[in-house]
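A.B. asks: model the following, please.
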Amino acid sequence: MGAYSSNLDDILEQDMHHWYTKFMKKSPSGLITLFELKTMLEMNGMTEEASSYVDQVFFTFDMDGDGYIDFVEYIAAISLLLRGEINQKLKWYFKLFDQDGNGKIDKDELQTIFKAIQDITRICDVPTEEIVTLIYEKIDVNREGELTLEEFISGAKEHPDIMEMLTKMMDLTHVLEIIIKGQRQNSIS
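C.D. replies: Presented below is the predicted three-dimensional model:
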């Protein structure tokens, strides 16, 4: 993320009032629905996987499970992505990957999320099947085809190549950039 991350940090620190004003202008109710998030991210024409991924991101950011993202959840999510400790980020990644909520990530869940990310970012450097195979070969120590939270965190930390791959794949600065640009453009209008 480098210099761009610093730019986003500066925006967050310098413009908290601005963020709040824009958030409230975009969502006068003080809440963002899933539909509003997809509209903000211009999700029209995206694949079913990409749409499902955004659903999953929304539900992990909706910390109280009420079906809305309020300003506190919104800023907490951005802060986690920009400044969160590695354990916090890995726990969030796990929650995002665990689509059925059973406390384990299977290969299909991981592949679905990675495919969706590639659909959204249009970056397909490595086929998702190869990424998933590599992750499971290195960190599924029990060879069960599922990863628990503990296996996922310790495996990612023990394998810098896996950590780097996850960090690249899960970099949501492009999403934040769309939100920032959208809010800035709306303030110009």
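
A.B. asks: low-confidence bits of this protein, can you list those?
C.D. replies: 1-16, 19, 41-46, 120-124, 172-189 (pLDDT under 70).

A.B. asks: can you map out the helices along this protein?
C.D. replies: Applying DSSP state H to the chain gives helices spanning 2-14, 16-26, 34-40, 48-61, 71-83, 86-97, 107-121, 128-139, 149-158, 160-169, 173-188.

A.B. asks: out of these, deepest packed?
C.D. replies: Of these, the one with the most neighbours on average (mean count of other Cβ atoms under 10 Å) is helix 107-121, at a mean of 20. (C-beta placed from N, C-alpha, C; glycine too.)

A.B. asks: I would like the residues contacting it, please.
C.D. replies: The contact list for helix 107-121, computed with Cβ atoms under 8 Å, 6 or more residues apart in numbering, reads 46-47, 49-54, 56, 96-100, 124, 128-129, 131-132, 135-136, 145, 169-170, 174-175.

A.B. asks: swap the cut-off to 6 Å and go again
C.D. replies: Residues from elsewhere that reach helix 107-121, judged by Cβ atoms under 6 Å, 6 or more residues apart in numbering: 47, 49-50, 53, 97, 99, 124, 128, 131-132, 169.

A.B. asks: next one: stretch 67-81
C.D. replies: With Cβ under 6 Å, 6+ apart as the test, stretch 67-81 has contacts from 23, 30-32, 61-63, 172.

A.B. asks: quick one: which of these is most hemmed in?
C.D. replies: Ile32 (22 neighbours; other Cβ atoms under 10 Å).

A.B. asks: how close does that residue get to Val54?
C.D. replies: As judged by Cβ to Cβ, to the nearest Å, Ile32 and Val54 stand 12 Å apart.

A.B. asks: follow-up on the earlier one: out of the contacts of helix 107-121, who's nearest Leu149?
C.D. replies: Closest to Leu149 out of the contacts of helix 107-121 is Phe97 (10.2 Å), distances taken as Cβ to Cβ.

A.B. asks: quick one on the thing from earlier: could you redo the contacts of helix 107-121 as JSON lines and give each row distance to Met40?
C.D. replies: Listed next are the contacts of helix 107-121 as JSON lines, based on distance: Cβ to Cβ, whole Å:
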{"residue": "Thr47", "distance to Met40": "18"}
{"residue": "Glu49", "distance to Met40": "19"}
{"residue": "Ala50", "distance to Met40": "14"}
{"residue": "Tyr53", "distance to Met40": "15"}
{"residue": "Phe97", "distance to Met40": "23"}
{"residue": "Gln99", "distance to Met40": "22"}
{"residue": "Cys124", "distance to Met40": "24"}
{"residue": "Thr128", "distance to Met40": "26"}
{"residue": "Ile131", "distance to Met40": "28"}
{"residue": "Val132", "distance to Met40": "29"}
{"residue": "Met169", "distance to Met40": "22"}
